[in-house]
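[1] Provide a 3D model corresponding to the input given below.
(chains A and B)
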Amino acid sequence: MDTLNLSWLLIAIPLASAGVLLVLGRRVDRWGHWLGVLASAASAAGAIAMLVELLGRGAADRSVGVHLFRWIPAGDLNVDAGLLVDPLSLTFVLLITFVGTLIHIYAVAYMEHDTDRRRFFAYLNLFVAAMLVLVLADSYALLFLGWEGVGLASYLLIGFWNYRSDYAVAAKKAFVMNRVGDMGMLVAMMALFATFGSVNYETVFAAAEGTNQGVLTLVGLMLLVGACGKSAQFPLQAWLGDAMAGPTPVSALIHAATMVTAGVYLIVRSGPIFEGAPTAQLVVVIIGAITLLFGAIIGCAKDDLKKALAASTMSQIGYMILAAGLGPIGYAFAIFHLVTHGFFKAGMFLGAGSVMHGMGEEVDMRRFGGLRRYMKVTYATFAFGWLAILGVPPFSGFWSKDKIIEAAFVGEGWRPLVFGSVALLGAGITAFYMSRLFFMTFHGEKRWNDGHSSTPDTAIARTPVQHPHESPRLMTVPMIVLAVGSVALGGLLSIGGVFTSWLEPVTGVVGDHEPVLPVWLLMTLTLAVVVVGLVLAWRQYAASSVPVIALAGSVLTRAARKDLYQDEVNDGLLVQPGQYLTRSLVYGDRQVIDGAVGGLGRVMVRLGDVTRRLQTGYVRSYAATMTIGLVALVAVVLATRI
Amino acid sequence: MTAFVPPEIDWAALTPILIVLGTAVLMVLIEAFVPTRVRRAVQTVLAVVALGGALVAVAWRWGVVQSQGGSELVGGALLEDGPALFTQGVLLLLSFAGVLIIADRYQGEDAFAPTGAAIPGSTYEEEARRAGLVQTEVFPLTMFAVGGMLVFPAAGDLLTMFIALEVLSLPLYLLSGLSRRRRLLSQEASLKYFLLGAFSSAFFLMGMALLYGYSGSIRLSEIAKAVPAMAGMDSLLLAGVVLVIVGLLFKVGAVPFHAWVPDVYQGAPTPITGFMAACTKVAAFGALLRFVYVVTPGLTWDLSAFLWGIAILTMVVGTVLAIVQTDMKRTLAYSSIAHAGFVLLGIIALDVRGISSVLFYLLAYGLATIGAFGLVALVRERDAEGNITGEASHLSQWAGLGRRSPVLSVCFALFLLSFAGIPLTAGFIGKFAVFSAAIAGGAWPLVVIAVLASAAAAFFYVRIIVLMFFTEPATTADGRETTVVAGEGLTTVAVLLCAVGTVLLGVLPSPILDLAASAAKFML
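    Predicted coordinates:
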């Protein structure tokens, strides 16, 4: 009990550290980054202590509310700030603090030459604190505080190098698109409050059963809008690719492992609401399915290493959302995949950062190739992440993704066939584009200028000379740790269903469900499509040469390169009409409102110039004014009487 | 012939007034008997302690009145009820801050002439300045004024009210003439204030006489009782009421009885201007509130045109003339006239909420006023030799102040925003309360005008902010430039008090609003 009562420290420590780093400023430049690492590590240690405490209890007692203080006392709306420690939130806490700490350590070396490293760590700590608020909150209101906090941190970190205007624009784009999602969250909260008079999980979930399905559907859909914004799901996905403008550790922590998975957390946490609203659940599954294909297709065409990984993140979160939409049967696997994904994707992002570090910040995969000989550790760790995301047994991804595909095939009617097939197809495309990425970077011939070998290709010869090298220990160690997770975590947590039974107090006990096709067949099919994808990628990107300048490509390739025209669609559908509207409003404001205000001002000034002449400075005229005024007033009053 | 019956006196209830007036008398003795060296320190400490003590006494009486209800004191000459005590509390709080500013010095010089009796510019005056003479009479005079102000809103009959009016006014006439710099302007202000004040006192007395003729009593409650029995003598009653109200309107600076305000506010020593602008107005509105709410409810129909006209004129003239001013003190003076118009809205409302909203508004306005004038006193001119001279009160001299003295400028901007009624400041809540009370009282056309006037007023408040923060400082031809002096810290304390109050009342107004609401009951 005592340990859990201190759970607020998990949030307070990184928050305090962020405050110290920001307030003390340049004075702590020398050791500020280590303070940041320490704060994150302290939270991780606390999380482990909480895990021990919770494991020591029976499954039924593993959900503990910690009341902190009364937060918003406003008439009917009373919100207490309280934390909810249960297996679900603790899973997230462990993921955030553990992976977060590794990435903090990595960033110490990665950001070494940046003069603003301290500020970077302040923001990272701020992010960790906000993300912990998000997952530990016991009400939607407090969750929203964390939700906005991570949005802020994300904005600050994407635009960390905001002297480059396109980076600043990327940050703004992420921020604005997240606002759209936040509107959904707010509407959902208002609807909850209007219906239940509370936004506390406990109250809401207890009352959800038996509530009007229409209300629950509205709430569910609005929560989904929020989730789409935060987790870069269709149709609010456009910001994630641009978010790669942030330093790579940010991409690994925020835009791969933790923040973007908040939408999955939200849907799983709101399980009782979605279970009462089958329509909303169906929409969730559809969104997940669309996004998983969408991201996978984009991933096939991207030449920017980080953007390809971002597309893959989008696609993988599509899997999680899909699983979360399937109801209790999918919750545990959604979270399971989220955890394994957190490891292997963060590992690969750190690997990408290591490659960029060694290649002079180059991100174009067409200018990599054959790097496996120069960066052995990066290569090996990346390879484990790659095998994990492909779902090759016995790597982590196999245990989680395979289960999601299985779950997608459960059900009746058309749904299992459609969603199952999409998930299966997605696995194949994933195998293709991840292998493409892997081979283009580490295999094949060199497509960069090493300074001595004569290359016939002028496109290569004209680029600066590269000296690829392995990254320092501070960077490789976190990569190795994450690679270990990519290899073994999935298998370890699957032994005897440890992870699913750990989550059972939250996700509910699920009986056996038989997929519409036999399990062995599904597994074989999955492996088959993966192998097909891998072989195709090998033939095209490892066995044959890759042009340095991208070919024009087919219609689909060109569309995928442009993110399937998501920006154009947004632009035509929203931005331009919006700009037209604001322009006309501005015009109206200038002409009508400002005109009236300015006119009032001018009239006043003229009036004032006239009246001030009455202020002569002579007492006699003042006294005369008073007398005349008095006489007039008495006359008026007496006149009303007559 | 009836025998004289001495009234029963509840001394406990008189504590706040007794403390202040007793201290004032004691201060006169100190002037006579305490050596010059320590006189100033003794007077300052005594003033601060007395005002603090009186504030505690008011708080204590507040508790008593809350539990036992209001009561008549000294045979009905004074009344102790919610509005009286609330007004007294506000007055003491504001005069506390005011006295701190009055007592502050820079390089050993306070804001007052070394000796008030000297002819401006004479050698005698210069010698007195070099000898370091100090006019410590300022403190007892201030205390007497505060004493009068405390009695003013608590007066139960017109005679007491009149005496309070004179007790508070006479010291202020004197204090207005004591400015250290621009002596002639100051003396002119003093004389104008005195002459016009005497003139308006005559109105008040005349009204009192008419009302006595009508009702046979000078007691507010008796006059109120006589109002429904208007038969044939109604012109006597109406003229009397109008005259008395006019006498009070003079003190609050309502148009067309406002002409003295800009001249006096400009000429008086700035700390006194702040004290006067805040406290006199609070006291006078307290008295006006009582008179209007106790005596005239039966006359609403007859008086509405009169009061509406005054309110509209006051708001519009105050705002319009403030826009064209170029002197900081005159701008603030016209702004205070406009504010008097806004407060009149709450008085015209004749609604329970009107009382509480006026009380709240007065506190909000008083805090910002004291703070703003306190800061004006710190912004000085520096001549080419580097000597600090008088106040840099021309608006253009405030240009670019935000960059050199950010803290001062931010505080000043805060007070201006409060004047303008921008949310998160006390001024916004005050305006909102008064306007909604006026709407509840059916005076929505007035509220429309008030909102328009507020919008226009925001123009010149914001203009000053723009001037401070976004304009390059201009240098004058003779090498004078604007500088900010630090003082001894007393002004800083007072200004911070006002700034914190302004923000607190803007962010968390409910405790004070509730307090004002529980005060909103006059005893008859």
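[2] switch to C-alpha atoms for all contacts and neighbour counts from now on
    Will do.
[3] which residues in the stretch 301-450 of chain B form helices?
    Ranges of helices in the stretch 301-450 of chain B, per DSSP state H, counting those that start in this stretch, are B:328-348, B:352-376, B:401-404, B:406-420, B:426-440, B:444-470.
[4] So for B:Phe33, which of those sits nearest?
    When the helices of the stretch 301-450 of chain B are compared by C-alpha to C-alpha, helix B:352-376 sits nearest B:Phe33, at 31.1 Å.
[5] Report the distance from the closest one to the chain centre.
    9 Å (C-alpha atoms, centre = their mean, to the nearest Å).
[6] Who are the packing partners of that helix?
    helix B:82-103, helix B:270-275, helix B:281-295, helix B:328-348, helix B:406-420, helix B:426-440, helix B:490-507, helix B:510-519 (3 or more C-alpha pairs under 8 Å, 6 or more residues apart in numbering or on different chains; DSSP states H and E).
[7] Make TSV from the ones you listed and add mean pLDDT and mean neighbour count to it.
    Below are the helices and strands packed on helix B:352-376 laid out as TSV (pLDDT from 0 to 100; neighbours: other C-alpha atoms under 10 Å in any protein chain shown):
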stretch	mean pLDDT	mean neighbour count
helix B:82-103	95	26
helix B:270-275	95	29
helix B:281-295	94	24
helix B:328-348	93	27
helix B:406-420	94	22
helix B:426-440	92	25
helix B:490-507	93	21
helix B:510-519	89	16
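[8] any chance of the helices of the stretch 301-450 of chain B in TSV, plus distance to B:Val65?
    Putting the helices of the stretch 301-450 of chain B into TSV (distance: least, C-alpha to C-alpha, whole Å) gives the following:
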stretch	distance to B:Val65
helix B:328-348	23
helix B:352-376	16
helix B:401-404	46
helix B:406-420	32
helix B:426-440	24
helix B:444-470	34
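[9] For A:Gly342, find the nearest of the ones you listed.
    Judged by C-alpha to C-alpha, the one of the helices of the stretch 301-450 of chain B that comes nearest to A:Gly342 is helix B:406-420, at 47.7 Å.
[10] and the closest one with chain A, contact?
    No: Helix B:406-420 lies out of reach of chain A by C-alpha under 8 Å from any C-alpha of the partner chain, never closer than 15.2 Å.
[11] In three-state terms, label A:Pro73 for me.
    strand (DSSP: H, G, I helix; E, B strand; the rest coil).
[12] Relative to A:Ala81, how far out is it?
    Note on A:Pro73: its distance to A:Ala81, by C-alpha to C-alpha, to the nearest Å, is 11 Å.
[13] Looking at those two, which one has more neighbours?
    A:Ala81 (19 against 10; other C-alpha atoms under 10 Å in any protein chain shown).
[14] Okay, now the unreliable bits of the chain?
    Just so you know, I chose chain A. A:1-2, A:74-77, A:453-457, A:459, A:511, A:642 (pLDDT under 70).
[15] Hmm, no, I was thinking of chain B.
    B:1, B:230-231, B:475-477, B:524.
[16] Show me which residues of it are close to chain A?
    Residues of chain B lying near chain A by C-alpha under 8 Å from any C-alpha: B:192, B:195-196, B:199, B:235, B:238-239, B:242-243, B:246, B:256-257, B:259-260, B:263, B:302-303, B:305-306, B:317, B:320-324, B:456, B:459.
[17] gap between the two ends of stretch A:3-13?
    Start to finish, the residues bounding stretch A:3-13 are 15 Å apart (C-alpha to C-alpha).
[18] how about A:Glu209, phi and psi?
    The phi/psi pair for A:Glu209 (degrees, to the nearest 10) reads phi -70, psi 130.
[19] Tell me where the stretch 51-200 of chain A has helices.
    For the stretch 51-200 of chain A, applying DSSP H, counting those that start in this stretch gives helices covering A:87-110, A:117-136, A:140-158, A:165-196.
[20] The stretch 1-150 of chain B too?
    Assigned by DSSP H, counting those that start in this stretch, the helices in the stretch 1-150 of chain B fall at B:15-33, B:36-68, B:82-103, B:123-130, B:138-151.
[21] And those: which comes nearest A:Val530?
    Closest approach to A:Val530 among the helices of the stretch 1-150 of chain B is made by helix B:82-103 (79.6 Å; C-alpha to C-alpha).
[22] is it possible to export the helices of the stretch 1-150 of chain B to CSV including distance to B:Leu508?
    Converted to CSV, those look like this (distance: least, C-alpha to C-alpha, whole Å):
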stretch, distance to B:Leu508
helix B:15-33, 28
helix B:36-68, 20
helix B:82-103, 17
helix B:123-130, 47
helix B:138-151, 27
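[23] closest one to A:Gln566 among those helices?
    helix B:82-103 (62.2 Å).
[24] and A:Phe344, what does it touch?
    Shown in contact with A:Phe344 (C-alpha atoms under 8 Å, 6 or more residues apart in numbering or on different chains): A:384-386, A:388-389, A:482-483, A:485-486.
[25] And for stretch A:558-567, what's in contact with it?
    Stretch A:558-567 has contacts (C-alpha under 8 Å, 6+ apart) with A:238, A:294, A:297-302, A:552.
[26] Please apply the same query to stretch B:299-319.
    Here stretch B:299-319 makes contact (C-alpha under 8 Å, 6+ apart) with A:608, A:611, A:633, A:636-638, A:640-641, B:227, B:254-256, B:334-342, B:344-345, B:348, B:446, B:449-450, B:453-454, B:456-457.
[27] what do you get if the cut-off is 7 Å, keeping everything else the same?
    Contacts to stretch B:299-319, defined as C-alpha atoms under 7 Å, 6 or more residues apart in numbering or on different chains, come from residues A:633, A:636-637, A:640-641, B:254-255, B:334-335, B:337-338, B:341-342, B:344-345, B:348, B:446, B:450, B:453, B:456-457.
[28] so how many other residues sit close to A:Gly508?
    The number of residues packed near A:Gly508 is 16, by other C-alpha under 10 Å.
[29] Can you report phi and psi for A:Ala12?
    Taking degrees, to the nearest 10, you get phi -60, psi -40 for the backbone angles of A:Ala12.
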